[in-house]
Structure formats: structure tokens, C-alpha cells
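Asks: Show me how the following folds:
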Amino acid sequence: MDIGKVGIWFFLDAMAAADTAEFAKLVEKLGYKALWIPEAVGREPFAHAAYLLSHTDRLAIATGIANIWARDAFTMAAASKTVAELSGGRFVLGIGVSHKPLVANLRGHDYDKPYSYMKEYLPKMKNALYLAPAPKEPVPVVLAALHPKMLALSAAEANGTHTYFVPPEHTAKARAQIGPTAMLCAAQAVILETDAAKARTAAREYMKTYVPRLPNYTNNLKALGWADKEFENGCSDRLVDAIVAWGAEDKIRDRIDAHLKAGASHVCILPIRSDSTPQPDLRAVQAFAQR
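Replies: Just a heads-up that it's a prediction; the model follows:
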């Protein structure tokens, strides 16, 4: 499946369903080949993906990511094959172990060994009995991965990885880890705003969901060399600038290119508004159109 070099990734839960369909149509019209939707505490991603696919003609919908604790391997396989068949093969299955606060605190699952759970989950998903008509091609599967063990698993047992909240330096390390052929789909938050104060305020509003609340991201950045002090008081300007690309179009384009040069096969951008309104910035969506 060709999902292009640049796609769109966004939480669409603040939009009415009909508006998400219109957004998907716009993304397709602008030449993007993939729209990524997450799973957290909002819409169920497979139902939403099927809805968006029914309102588009060429666009692929990818889950970024579907939580493996939310459904067993049998159900995950059936859901992905169903959506892929219904859409004529326009579906990418991104799956991941999510985070302890979401898995243990909200869902009540045991999060002690997430890597082992994923390692056992993948063969169960591949071998799940499925008697309905299968999609013509196998559904591409990418794993949310940040650390070496999960990255290695993504290359060995899936089609590659979907990375999130990472600078290009991580993309280079991930590519070295997974080899030259596996998919490497890196997410990159962008804010089309040249005023540094406005941009960094919006960036910090976005980042506070992830650091320090979700240790997976904090630990990954520390493994890249970021010191504890960088995470204090809403994160340093240097860390904010490393995670969120802001400024004029050319500056943001340079960051997208940096991921691609570092080994990403696809970069999905998060078009964040500078006023922190939870809607995609259509100016940014249009600015980086792939026509």
C-alpha cells in the first residue's frame, strides 16, 4: 500500500461525526494518501474508520493506534480485515500497548509486562480464525514503538512501526534498528505560527498530555539524552522546539524533511492550532498538501 510521504494525524473527537467526514474528504482532495486516527477515550476507531472510508474514495485510514488491551487478538484481526475488505484495502492497522494510566487506571488491566503481551498477541492475531471474505491483500500492521525491543518486534513480526512524540534523532535510531525495508511512520506535531510566544504556548498545551504524565514518552526522550531539568516548568524551550515544529511553512517543511532524511518512510503531521482550539488547523493542512 502506498500511503505517500506525508499524511495527517489528528484527534477528531472534538468534531461532530459529519464534520470528521468532511475533514477526511478535504484531506483526500488535497492529495494526502493517509489520515491517522487515534484511540484514547473517545470514538471507537474501527467504527470511525469504516465511516470515514465510506465517505472517501482513495484515502487510506490508519489507526494511530488501536489499543491491544481494548480487544483480544481475535477481535483485532476480525475488525481490521472487515474494515479493509469494506474499503477495498484502504486500511492500515496501527496497534500498541498504550500507557499504564490508560490501561491500568481506566481499563483495569495488568500493565506489568506490555512487551511480553504484545509479543504473544501478534501470533494470535495472525492465526485467528476468520471465515468471512478476506481483503485482497493482507492488512499492513505497524506497531507503536519507541524503545529497541518493541522496534525490533515491529520489524520482525509486523510491517514496521508508528512512532510518536519523537525528534528526527529518534527516527534515525529507529531506522537503524528496524532495517531498510520496514515501514517507519513518524508523527510530527506542527504549528503554523511565527510568533514564538504563541507557538510555544500552544505547543506546551499539546505536550502536557504526554510529559511527564505518560512515562513512556519521558523515558524515551531521556534515553535520547534529554536531562531531567528539560522537563521542568512545562518543558524547556529547547525541548518544546524539538518536539513541535512551529514557524513559517519552510521551517516546518524542513522538520518534515529531517524525518524523511533520517529514515522515515512516512511522516504524519498533527496540524495544531496556535490558539489551542481542539480542531485541526486547516491552514496547515492546506499548506502541506500533497497535490
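
Asks: Name the residues of the top strand by length along the chain that are buried.
Replies: What stands out as the longest strand in the chain, according to DSSP state E, is strand 183-191. By 16 or more other C-beta atoms under 10 Å, the buried positions in strand 183-191 come out as 183, 184, 185, 186, 187, 188, 189, 190, 191. C-beta: built from backbone N, CA, C; applies to glycine.

Asks: Start and end of stretch 156-176, how far apart?
Replies: One end of stretch 156-176 sits 14 Å from the other (C-alpha to C-alpha, to the nearest Å).

Asks: State the pLDDT value of residue 99.
Replies: In this model, residue 99 is scored at 80, pLDDT.

Asks: And the helices in this structure?
Replies: Under the criterion DSSP state H, helices of the chain are mapped to 17-29, 45-54, 73-86, 100, 114-126, 148-157, 168-178, 196-207, 215-223, 237-243, 249-262, 282-287.

Asks: circling back to that earlier point, can you check what angle separates the longest strand of the chain from helix 249-262?
Replies: 160 degrees (axes from the mean of the first three to the mean of the last three C-alpha atoms, to 10 degrees).

Asks: Centre of the chain to strand 183-191, how far?
Replies: 7 Å (C-alpha atoms, centre = their mean, to the nearest Å).

Asks: CSV for the buried residues of strand 183-191, including pLDDT and distance to residue 112?
Replies: Shown next, in CSV, are those (pLDDT from 0 to 100; distance: C-beta to C-beta, whole Å):
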residue, pLDDT, distance to residue 112
183, 98, 29
184, 98, 28
185, 99, 28
186, 99, 28
187, 98, 27
188, 98, 32
189, 98, 30
190, 98, 36
191, 98, 37
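
Asks: could I get these as a markdown table with distance to residue 1?
Replies: Shown next, in a markdown table, are those (distance: C-beta to C-beta, whole Å):
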| residue | distance to residue 1 |
| --- | --- |
| 183 | 9 |
| 184 | 15 |
| 185 | 12 |
| 186 | 17 |
| 187 | 18 |
| 188 | 21 |
| 189 | 24 |
| 190 | 24 |
| 191 | 29 |
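
Asks: Which one of the residues you listed is nearest to residue 66?
Replies: residue 185 (14.1 Å; C-beta to C-beta).

Asks: Just list the residues touching the closest one, thanks.
Replies: Contacts for residue 185 (C-beta atoms under 8 Å, 6 or more residues apart in numbering) come out as 3, 7, 36, 62, 64, 94, 142, 160-163, 264-268.

Asks: follow-up on the earlier one: from the buried residues of strand 183-191, which single one is nearest residue 30?
Replies: residue 190 (14.8 Å).

Asks: you'd agree that closest one is up against residue 267?
Replies: No. Contact criterion C-beta atoms under 8 Å: residue 190 and residue 267 do not qualify, at 9.8 Å.

Asks: Which residues are in contact with each of the two?
Replies: With C-beta under 8 Å, 6+ apart as the test, residue 190 and residue 267 both reach residue 256.

Asks: For the stretch 1-150 of the chain, give me the ranges with low pLDDT.
Replies: Across the stretch 1-150 of the chain, nothing is flagged by pLDDT under 70.

Asks: what lines up beside the longest strand of the chain in the sheet?
Replies: strand 160-163 (parallel), strand 244-246 (parallel), strand 266-272 (parallel) (DSSP bridges).

Asks: any idea how far residue 285 is from residue 142?
Replies: Separation of residue 285 from residue 142 (C-beta to C-beta, to the nearest Å): 22 Å.

Asks: next one: stretch 72-88 to chain centre, how far?
Replies: On C-alpha atoms, centre = their mean, the centre of stretch 72-88 falls 19 Å from that of its chain.

Asks: Distance check, residue 195 against residue 269.
Replies: From residue 195 to residue 269 the distance is 20 Å (C-beta to C-beta).
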